[in-house]
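>>> Here you go, sequence then predicted model.
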Amino acid sequence: MRSGPEAGREERLPEDYYVRAFLTVLEVVGMTTAPILTGAERDWSSAIGALSDDARRLYVRLMMRRGTVFRMARLAYPEIHDPASARAELVRRGLVDGAPPGRLSTLLSLHTLPEIDRLLEPPPDAGRRRAERVAALLERDAAEDRDRLAGASTWITPLGHAAFAVHRLCFFGNLRQDLSEFVLRDLGTVRYERYPLERAGGHFRTRHQLECHLRYYECESLLRTGRRPDASVLTAVCARLPPHVPGDAHLERRLDRLRCELARGFERLGDVPRALAMYAGSVRAPARERCVRLLDAAGQGERATSLLRRMRAAPQGDAEAEFAERRLGGGARVRPFRPRTTSLTLRPDGRRVERVSRDYYARSGECFWTENRLVSGVCGLWAWDIVFAPVSGAFFNPFQSGPADFRERGFRARRAQGFERRFDELLGEQGEVRLAERVLDGYAARAGIANPLVSWERLTQPLLQRALERIPAAHWAAMFERLLADPGEHACGLPDLVRFPDAGGYEFIEIKGPGDALQAHQRRWLKHFDAHAIPARVVNVRWARSGAPPDVPSGASPDASNVVTP
């Protein structure tokens, strides 16, 4: 039973809320995916549907808890009126095991130290701390100790975790989400957009496809068993990797990420051949960049150059394109982009440098600390209906903050017509008016609803209104174009502050405190801004020495001339 804040939340829900959620998963999967379930999985689901209320509540409670075996005396659920009868029914139906654990270590872990002292006679040399007492009892390893601990309680071990995992995977499309999604939604903690779900056969079309996803999660779990996997773990994971499933972009994306992790593990161990093999199987950046570096280090320059040419011809993102161009060289030497940069000396007050800088620039107008929230948030509100359009394969459970392909490079291409019409509107005669209407109306109607582009905590109405007044439609279009070209990569790296001086216009400002340097993805955004005449600069902040005058600008004042008025 939960305690603390969670307990109060449960009281506002029906007492059987968790059973309803559990049965919803079973019912939906039964309607959409039954043909690819095994007979045992279907029997498990049917058995739960046939249980009495008490037995069903007890079973679902146990399936939601951590741990594999429980003592009935430690379970307290007021909505279960007869726990003993519920347990007996579950044992009869084969949904739980009523036997005690066979290992002394497990029995000891399920008892408190006072209980252990009451039930067992500790060895004379056992220490007083729990760890010392348990170690001494395990060393003695007496059958009498096991029998006393086992016989002192009534035990219950829920069965069917594998079947439930299959149902969860079929319902959510992943094993990251669980029944807590229902609770958060019903409490209003998280709100989701309403979108049509694909239920004609569910997310999985064949048993083979489902098994491949299960193997992926098995591999992921195995890789997470240690902080730094050794060669044996990496080898075991490689041996269990599922095969390619044609048309399953979700599985390929997950496997690409996993192969990169495996490759990095082999690389750290100095196993270059295996690292190269894993990187070669992934199209996820920076797999090909790492391959080039490893090939160069191994003296295989021709192979590295050939791979670089393929990268330059069809780059997987801006970072890869820049890397290939830099390594290949040739042609006219291109001067590296240098963003407009100024310096500012401020007095430290214990807060983050972005907050101190924001307050400084707010002296001559409005200034907001937004980082990536403003541009992506306005884009999300402007294109809300397109983001949640019923594209095939995008939505298959009611708890998605966005479409399943949102972070794929083909996200925009799959919605090309919708985005083309919206960009034509934005760049038309009434573009700024229609943009403001869409964004402000969407903000009022959808505030708090999950959207992968919108972070509500910093997206305030005053910020939106001022940004829509000051930033021209052409600038919004240029920013949206880059963001939507690759949402997974381009959603980060935007400047920290946006400033709206009293004199008019606006400016993006990237703040760099002492010792901080501009990162590559930030530089790429600033280069894009420069190409489209979007006002932006980098401000290097220095802290004033003790006794020195505070707030001394160097190189530019708050009303610097690089603030562009549209």
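Cool, got the structure. Just so we're clear, the structure is a prediction, and the values are computed from it rather than from any experiment. Numbers count the residues shown, from 1 in each chain.
>>> pLDDT of the longest strand seen in the chain, averaged?
In the chain, taking DSSP state E as the definition, the longest strand is strand 536-543. Taken as a whole, strand 536-543 has an average pLDDT of 96.
>>> cool, stretch 153-160 as well?
On average, stretch 153-160 scores 97.
>>> Can you give me the pLDDT of the closest residue to Gly265 other than its chain neighbours?
Closest residue to Gly265 apart from its sequence neighbours, by CB to CB, 6 or more residues apart in numbering: Leu234 at 4.8 Å. (C-beta placed from N, C-alpha, C; glycine too.) Per-residue pLDDT puts Leu234 at 94.
>>> Tell me the spacing between Leu234 and Ala275.
10 Å (CB to CB, to the nearest Å).
>>> what is in contact with the two at once?
Residues touching both Leu234 and Ala275 (CB atoms under 8 Å, 6 or more residues apart in numbering): Phe266.
>>> rewinding a little: what are the C-alpha coordinates of the longest strand of the chain, in PDB please?
Taking C-alpha atoms only, strand 536-543 is exported to PDB below (Å, rounded to 0.1, in the frame of the first residue of the first chain):
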ATOM      1  CA  ALA A 536      21.600  36.600 -32.200                       C
ATOM      2  CA  ARG A 537      24.900  36.700 -30.400                       C
ATOM      3  CA  VAL A 538      27.000  35.100 -27.700                       C
ATOM      4  CA  VAL A 539      27.700  36.900 -24.500                       C
ATOM      5  CA  ASN A 540      30.700  35.800 -22.400                       C
ATOM      6  CA  VAL A 541      29.900  36.700 -18.800                       C
ATOM      7  CA  ARG A 542      32.700  37.500 -16.400                       C
ATOM      8  CA  TRP A 543      32.200  37.800 -12.700                       C
END
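>>> which outside residues touch that strand?
The contact list for strand 536-543 (CB under 8 Å, 6+ apart) reads 339-348, 353, 356-357, 495, 507-514, 518, 526, 529-530, 554, 556, 560, 562.
>>> So which of those are in strands?
Going by DSSP E, the strands hold 341-346, 507-512, 554 from the contacts of strand 536-543.
>>> List the buried residues of the helix or strand hosting Arg146.
Here Arg146 sits within helix 143-151, counting by DSSP states H and E. Across helix 143-151, burial judged by 16 or more other CB atoms under 10 Å covers Asp145, Arg146, Arg148, Leu149, Ala150.
>>> my guess is Thr32 contacts Cys170, does it?
Yes: assessed by CB atoms under 8 Å, Thr32 is found in contact with Cys170 at 7.4 Å.
>>> neighbour count winner among these two?
Taking neighbours as other CB atoms under 10 Å, Thr32 and Cys170 compare with Cys170 leading, 25 against 20.
>>> wait, what's in contact with Asp53?
So Asp53 contacts Asp16 (CB under 8 Å, 6+ apart).
>>> Could you look up the SS state of the residue nearest the centre of the chain?
Centroid-nearest residue in the chain: Arg176, 9.2 Å away (criterion: CA atoms, centre = their mean). Applying DSSP: H, G, I helix; E, B strand; the rest coil to Arg176 yields a three-state assignment of coil.
>>> per-residue confidence at it?
93.
>>> Name the nearest residue to Tyr77, ignoring sequence neighbours.
Distances taken as CB to CB, 6+ apart put Arg61 closest to Tyr77, at 5.8 Å, once the chain neighbours are dropped.
>>> For the one you found, give me its contacts.
Contacts here follow CB under 8 Å, 6+ apart; on that basis Arg61 touches Tyr18, Leu75, Tyr77, Ile80.
>>> what do you get for Leu307?
Contacts of Leu307 (CB under 8 Å, 6+ apart): Arg288, Cys291, Val292, Leu295.
>>> between the residues you listed, which is closest to Thr370?
Lowest distance from Thr370 to those (CB to CB) belongs to Arg288, with 33.3 Å.
>>> Return the residues in contact with the closest one.
Counted by CB under 8 Å, 6+ apart, Arg288 has contacts Tyr279, Leu307, Arg310, Met311, Gln316, Glu320.
>>> what is the mean pLDDT for the strand or helix carrying it?
Using DSSP H and E, Arg288 sits in helix 287-297. For helix 287-297, mean pLDDT is 95.
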